[in-house]
Each structure stands twice: as C-alpha cells, then as structure tokens.
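Peer 1: got a sequence here, can you model it:
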Amino acid sequence: MNIHDMTIEQLLNVEVASVTQGRQLAEDILQEQKAIHRQMIGLYDNAKWQALSDRHYDLRKIRHAVLHLTGKMAIEQKRTTGR
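Peer 2: Okay, the predicted model is just below:
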C-alpha cells in the first residue's frame, strides 16, 4: 500500500480486517510521517511547510485510530482463542 499517493479521505476509508494488516498500515503511516518530517526540516516556504504539517497531523490522528482499533481486535482475538 502506497500511503504517499493516498489522500486523507482514502486513508480514512481503509478497512482494517486483521491485526497484522492494522499493524502494517500503522507502520506504513509512520514511515510516511517520518518522510514528511524530513521534508519539513530546513523548509522556509511557510505555505508548503504548513501543508506538510497539516498532512503530518492528519496522518498521526489516523495512525492512532488504527493502532487503537488494532489493539481492540487483538484483545478480542485473544479473548476468543483463550477460551
């Protein structure tokens, strides 16, 4: 999955079907956040910096939501297999 080419709306519509997929999605988003951060370093164009900052923030919120959902899925999965 290429996070770089996806819009925020497309990322919001990605359905997490498994714990493994959720963890991979979160890792991909983190890598994109790091790439954005590297682009922001030393950038003096305020408009471009703000656009990158906004995308970084949106990705952070999506990543947190994905990790939360993945954690809930892992707990439920363990609960059902543990019985």
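
Peer 1: and whichever strand or helix holds residue 80, what's buried?
Peer 2: Residue 80 belongs to helix 46-82 when assigned by DSSP states H and E. If you call a residue buried by 16 or more other CB atoms under 10 Å, then helix 46-82 has these buried ones: 52, 55, 56, 58, 59, 62, 63, 66, 67, 69, 70, 73. All C-beta spots, glycine's among them, are computed from the backbone N, C-alpha and C.

Peer 1: quick one: low-confidence residue ranges for this protein.
Peer 2: Applying pLDDT under 70 to the chain flags residues 1, 83.

Peer 1: one more time with 90
Peer 2: By pLDDT under 90, the weakly predicted segments of the chain are 1-5, 81-83.

Peer 1: OK, contacts around residue 22?
Peer 2: Residue 22 sits next to 16, 66, 67, 69, 70, 73 when contact means CB atoms under 8 Å, 6 or more residues apart in numbering.

Peer 1: now residue 16: which helix or strand?
Peer 2: Applying DSSP H and E, one finds residue 16 in no helix or strand.

Peer 1: any chance of the contacts of residue 22 in a markdown table, plus distance to residue 79?
Peer 2: Formatted as a markdown table, the contacts of residue 22 follow (distance: CB to CB, whole Å):
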| residue | distance to residue 79 |
| --- | --- |
| 16 | 18 |
| 66 | 20 |
| 67 | 18 |
| 69 | 16 |
| 70 | 15 |
| 73 | 11 |
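
Peer 1: go through these and name the one nearest residue 23.
Peer 2: Relative to residue 23, the closest of those is residue 70; by CB to CB it sits at 5.9 Å.

Peer 1: separation between that closest one and residue 57?
Peer 2: Distance, residue 70 to residue 57, by CB to CB, to the nearest Å: 20 Å.

Peer 1: with residue 75 instead?
Peer 2: For residue 75 relative to residue 57 (CB to CB), the value is 28 Å.

Peer 1: check residue 78 too.
Peer 2: 32 Å.

Peer 1: likewise for residue 79?
Peer 2: 33 Å.

Peer 1: same deal with residue 64?
Peer 2: Counting by CB to CB, the gap from residue 64 to residue 57 is 11 Å.
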